[in-house]
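**Q** give me a 3D structure for the following:
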Amino acid sequence: MLNVKRAFRDAKRLRDIIGIAFKCGLGYYIQKIKLKDSLFFHQKASGDFKKPEDLPLKLRMAMDELGGSFVKLGQLLSLRPDLIPDEYCEEFAKLQDNVTPFEYEQAREIVESELKHKLWEVFSSFDKKPIASASIGQVYRATLLNGEKVVAKVQRPDIKEKMDADIDLLYYLAELIEKHVNNKYNLKEVVEEFERYTRDELDYIKEAKNVDRFHKNFFDDKTVKTPKVYWDYTSRRVFVMSYIDGVEISDKEGLEELNCDNKLVSKNLANCFLKQVFEFGFFHADPHPANVFVLKNNRIALLDYGIVGSLNDELKEKLNKFLANLVDRNVSKLIDNFMDLGILEERNINLEKDVSDILEEYGGKEIQDINVPKLFNELISTASKHRFKLPVDFILLAKATVTCEGVGQQLDPEFNLSNTLKEYVYNTEMKKFKPSRIVKDFIESISNIRNAAKILPGQTTEILDKLKRGELKVQFEHKDLKDLEKEIDKGSNRISMGVVIAALIVASAIVLQLNKTKWMAIAGFGIALILSIMLTMDMIREGRVRI
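**A** Model prediction:
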């Protein structure tokens, strides 16, 4: 019975999809994929089956009217220029959730069911009218019993079942298109990507974890504010977090009322983005204007953490090498870095040539003169053209970079993300030469070496014991292992001292190259000299060195 109901539901939804697609001028493709019979008689009789010229626009119109899953699909695709051409990305980026709100009583029932409490047992107030209504859920302003202002995201009733039905139909349509239309895009892969994204978005716990991680990363930052998650009132279908009182970054009148410095706001946004990428390796992948708020004192806040990117150590290292060679204008290594980022089934000379042509254009420029977002876009388009698979997180990073620069330039026409990138990289490098950082690095090095030295005698004893027992097929006997351990320990300590002295000399030589920090180099050489004298005197006393 359940399968019959599901089949009836899917058939009805498919007819709705086909009808709206025809209405938006996609009759040619309906006929192509053999679904003309799903149209009403008057639609079939109209003869409107000409191939459309502005396909991206017509697809966006159909998605907009179909709403729900189709709007979400378009929004996701707008972030993935590796899956679809740029003109489709640009058109789909215009899609906005514009759905009819569901009733307050339904929202109340969902909240009470998920939190296992009556509404008044958790909130002292809960607005009946949502401040935002989207295809997945609605957002309400509320106040906790302790007086804290919050927002509650409440998932739509039966949204999972509706999304599942649409995903089934998307797989069916993708199969028909690939079968009957000369299609060069892997539509099944697109639907699979959308299904993964949808599963994540339907579980508010996952988004709450993203918010919580951002909140911890920027907890002490005076230029960025992130929401706080109230875990006691958060579940798969209800998500409660602190309320952020600000204005959208694109609201010019609102920014004027806050007396904002647009240049400083755009700089704070850029620094926030660069911190996410280079310090935390975890970034907001969709920082479009509706997701960025501005608060008093030019502070910014990020909203909607449904789509995030993550850079593991390996990917971060590859990206750092790419940017370092970009700064050094080393085109040959840049090509190697880019090829190392992705997966290629077999060596593609044409791809390497296209990448080389792109990078040659930037080879002689300073970093502040390079349009990094444009460069990323060109590289991704070229990779897509040659079916060169780049990591999804790299794609999201590139798209977020483009979006961040666009938002910054809306505030300040002179804004250049590359300029901020150069300044940020310089400041990051300079931090390495601060006395506190140098001392910390040396302490960590010494600690690691001493830990290894402490382990070595025990490991040596274990090996000697095995040799002594004949387990290693060698018979060995030593009458005084304790003396041997002491000698090894002394030797390890001297090695540690030697490593520290060498590290001081090398670090001092590097610091000597910096104009304003020569005193640090002199101090480093002085400390190295004193330690060398101490080590030599110790060895003389032991009779290791004869004069």
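
**Q** please make it C-alpha for all contacts and neighbour counts, starting now.
**A** OK.

**Q** what's the weakest-modelled helix or strand in this protein?
**A** In the chain, no helix or strand scores lower on mean pLDDT, DSSP states H and E than helix 435-469, which sits at a mean of 56.

**Q** now do the contacts for the spatially most central residue of the chain.
**A** Residue closest to the mean C-alpha point of the chain, counted by C-alpha atoms, centre = their mean, is Gly309 at 1.9 Å. Counting by C-alpha atoms under 8 Å, 6 or more residues apart in numbering, Gly309 touches 282-285, 393, 396-397.

**Q** please repeat the previous calculation with a cut-off of 6 Å.
**A** Gly309 makes contact with 282-283, 285, 393, according to C-alpha atoms under 6 Å, 6 or more residues apart in numbering.

**Q** ok, Asp221 next?
**A** Contacts of Asp221 (C-alpha under 6 Å, 6+ apart): none.

**Q** sec struct for it, please.
**A** coil (DSSP: H, G, I helix; E, B strand; the rest coil).

**Q** can you tell me how far it is from Asn271?
**A** 11 Å (C-alpha to C-alpha, to the nearest Å).

**Q** before we move on, what about Ser418?
**A** With C-alpha to C-alpha as the criterion, Ser418 and Asn271 are 11 Å apart.

**Q** confirm the residue nearest to the centre of the chain sits in a strand?
**A** Yes - residue state for Gly309 (three-state DSSP) corresponds to a strand.

**Q** which residues does it bridge with?
**A** In this entry, Gly309 is beta-bridged to Phe283, by DSSP bridges.

**Q** by neighbours, which of the contacts of Gly309 wins?
**A** Within the contacts of Gly309, Phe283 tops the neighbour count with 26 neighbours, counted by other C-alpha atoms under 10 Å.

**Q** where do the helices sit along the stretch 1-150 of the chain?
**A** Using DSSP state H, counting those that start in this stretch, the helices of the stretch 1-150 of the chain run over 2-23, 27-32, 41-46, 55-66, 69-77, 86-92, 104-115.

**Q** burial check on the closest residue to Cys260 other than its chain neighbours, number of neighbours?
**A** Nearest non-adjacent residue to Cys260, counting by C-alpha to C-alpha, 6 or more residues apart in numbering: Asn298, 5.6 Å away. Counted with other C-alpha under 10 Å, residues neighbouring Asn298 total 22.

**Q** how much space between Asn298 and Ser46?
**A** Distance from Asn298 to Ser46, by C-alpha to C-alpha: 57 Å.

**Q** so what pLDDT did the residue nearest to Leu14 when sequence neighbours are not counted get?
**A** Leaving aside its sequence neighbours, Leu14 sits nearest to Leu169 (C-alpha to C-alpha, 6+ apart; 7.0 Å). Leu169 carries a pLDDT score of 91 in this model.

**Q** same check on Lys422?
**A** 68.

**Q** same question, Ile300
**A** The predicted local confidence for Ile300 is 94.

**Q** for the one 3 residues further on, same thing?
**A** At Leu303 the predicted local confidence, pLDDT, stands at 90.

**Q** equivalent analysis for Thr223, please.
**A** 94.

**Q** quick one: it and Ala301 touch, right?
**A** No - using C-alpha atoms under 6 Å as the test, Thr223 is too far from Ala301 to be in contact (8.7 Å).

**Q** residue boundaries of the strands in the chain?
**A** 123-126, 132-133, 137-144, 149-155, 224-225, 238-242, 247-248, 282-284, 292-294, 300-302, 308-310 (DSSP state E).

**Q** which residues sit against the fifth one?
**A** Under the contact criterion C-alpha under 6 Å, 6+ apart, strand 224-225 has outside partners 299-301.

**Q** and that strand, which strands flank it?
**A** In the sheet, strand 224-225 lines up with strand 300-302 (parallel) (DSSP bridges).

**Q** please state the offset of the strand it pairs with from the chain centre?
**A** For strand 300-302, the distance from its own C-alpha centre to the chain's C-alpha centre is 16 Å (C-alpha atoms, centre = their mean, to the nearest Å).

**Q** going forward, the N-terminal residue is numbered 24.
**A** Sure, I'll start numbering at 24, so the last one becomes strand 323-325.
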